[in-house]
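Visitor: Here's a sequence, model it:
(4 chains)
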Number of protein chains: 2
Amino acid sequence: MKSDTKAKPTKTAKGEQTRALILSSALDLLGERGYEQTTMRAIAQKAGVSLGNAYHYFGSKEHMIQAFYQRTHEEHLAATVPVLEKETTLKARLLSVLRLKISTLEPYHEFAGVLFKTAADPHSPLNPFAHESAPTRRDSIKLFEDLVRDTKARIPADLREELPYLLWLYHMGIILFWIHDASAKHTRTYRLIDHTVDLLDKLISLASNPLMRPVRKRALKMVADLREVGLAEA
Amino acid sequence: MKSDTKAKPTKTAKGEQTRALILSSALDLLGERGYEQTTMRAIAQKAGVSLGNAYHYFGSKEHMIQAFYQRTHEEHLAATVPVLEKETTLKARLLSVLRLKISTLEPYHEFAGVLFKTAADPHSPLNPFAHESAPTRRDSIKLFEDLVRDTKARIPADLREELPYLLWLYHMGIILFWIHDASAKHTRTYRLIDHTVDLLDKLISLASNPLMRPVRKRALKMVADLREVGLAEA
DNA sequence: ACATTTTTCTGAACACGTTCAAAATAATAC
DNA sequence: GTATTATTTTGAACGTGTTCAGAAAAATGT
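Guide: Below you'll find the predicted structure:
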């Protein structure tokens, strides 16, 4: 609920150690029991510290989730490296990267909803649309920059520039779908990925057509203009 | 947190009255103080009933928000009627309807985030993607059915069929943007509407081109297939 | 009119996230 | 080595959403 919990720097070796202890306890419990069932008291107890101490290092329960999300992101990133080396077409890369994302997230489907739920709240520190500074978000977009950078497809420079962000946005949509996907083994989500990647590939070709230049320019200008949703300036 | 709060039918005239009393108190307080600042105890007190009694009629705090959302939806619907009578083109209608939606929601921007936050949670009873039965959602889509129905544009039948749902989805996206929009008077959101409506209009024309038939068919098939995200069957 | 069942309502209790003053400990200055 | 300051840690407290056993009141049956 509180938004601006001031920085909680670890000043000392002892502190670093305690922090790590609490975090690992939290990660364990969250993975085992999910979000609601994991209480701050349980985390503190498992870590062998007092409740108040847990709050000294992590401003809120939501902050623990952030760490969790960071972990899955790193996993996904690692799994992604060989793909970008092997595949060269945008379509193939996109397909693999997205499928990998979902399978990486798979173990946490049940409480991923909570993650997204808090992330969708503008007041939440986890909100991915807030502050450019949010390192998780930049990291996440960077993946799509790598994905686009040295692909062979003929894509006009203006589109190429905005494409990573647009793909990131698209990938957020996929995740949102997956969270709500109640089908067995999430086959629906994988089907959605297959179809939309195909469609997207066609759309990009289409948008790259010189005839589309004016429309494309306008659309991209809008995207650039509206990228920083959370910023106050008009 | 709890998902399936069983039906809370009002069995008696007295009950109906109490329920209305509680609801109006809740609506007042929510409007005045926002979500977090409005406690269930305050609602009960303002209504002159016990805390437990409030829970007898409304399964949770979230359920109160649902009522709130319902109210704004009805407001929007009413404001929409003259527009559909005056305007005949899809583009003009869409533009007005969306702008009206935002201005109707305007007074509640601050706690609309909370609404969306809980709505994004698959476990929440407010989740708009759950159960076909959800009447609010059907109502909401119906507006776009009316919007599309007797418009003059040449739109192929297959697209015309799915268009209401697609527009509803699009409108949800606009709202999500608006929630995160920190610009003064939400000028950014209005700009987004202007631009995307324009773009959408072009896209629909494009998709209506006979040459596009195969792609369109495939895309629409996918949409139809994946519409019921929340359903369990694959 | 009375008995029974159903509905409405109460107040206390629980568990949780979060806060805070202050104690314990470590780091630093002299 | 002692005093001072900074950091870490504690435990109790607060306010919250929610639950529940059962009391009060209303509806229903006979």
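Visitor: CA atoms of the lowest-mean-pLDDT helix or strand in chain A as CSV?
Guide: Least confident helix or strand of chain A, by mean pLDDT, DSSP states H and E, is helix A:109-119 with a mean of 76. Taking C-alpha atoms only, helix A:109-119 is exported to CSV below (Å, rounded to 0.1, in the frame of the first residue of the first chain):
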residue,chain,number,x,y,z
HIS,A,109,1.7,-19.9,-12.8
GLU,A,110,-0.5,-20.0,-9.7
PHE,A,111,1.0,-16.9,-8.1
ALA,A,112,2.0,-15.1,-11.2
GLY,A,113,-1.5,-13.7,-11.1
VAL,A,114,-0.7,-12.0,-7.9
LEU,A,115,2.5,-10.6,-9.4
PHE,A,116,0.6,-9.2,-12.3
LYS,A,117,-2.1,-8.0,-10.1
THR,A,118,0.2,-5.8,-8.0
ALA,A,119,2.2,-4.9,-11.1
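Visitor: Counting by contacts, list what it packs against.
Guide: helix A:13-37, helix A:61-86, helix A:157-180, helix B:109-119 (3 or more CB pairs under 8 Å, 6 or more residues apart in numbering or on different chains; DSSP states H and E). The C-beta positions use only the backbone N, C-alpha and C, and glycine is treated the same way.
Visitor: okay, the following helix or strand past the shortest one in PDB with CA atoms only?
Guide: Just to be clear, that refers to helix B:109-119. Following helix B:109-119 in sequence order, the next helix or strand is helix B:135-149 (DSSP states H and E). C-alpha atoms of helix B:135-149 as PDB (Å, rounded to 0.1, in the frame of the first residue of the first chain):
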ATOM      1  CA  PRO B 135     -23.100  -9.900 -16.800                       C
ATOM      2  CA  THR B 136     -21.000  -6.800 -16.500                       C
ATOM      3  CA  ARG B 137     -18.800  -8.000 -19.300                       C
ATOM      4  CA  ARG B 138     -21.600  -9.000 -21.600                       C
ATOM      5  CA  ASP B 139     -23.200  -5.600 -21.100                       C
ATOM      6  CA  SER B 140     -19.900  -3.900 -21.800                       C
ATOM      7  CA  ILE B 141     -19.500  -5.800 -25.000                       C
ATOM      8  CA  LYS B 142     -23.000  -5.200 -26.000                       C
ATOM      9  CA  LEU B 143     -22.300  -1.500 -26.300                       C
ATOM     10  CA  PHE B 144     -19.800  -2.300 -29.000                       C
ATOM     11  CA  GLU B 145     -22.200  -4.500 -30.700                       C
ATOM     12  CA  ASP B 146     -24.600  -1.700 -31.000                       C
ATOM     13  CA  LEU B 147     -21.800   0.500 -32.100                       C
ATOM     14  CA  VAL B 148     -20.900  -1.800 -35.000                       C
ATOM     15  CA  ARG B 149     -24.300  -3.100 -35.900                       C
END
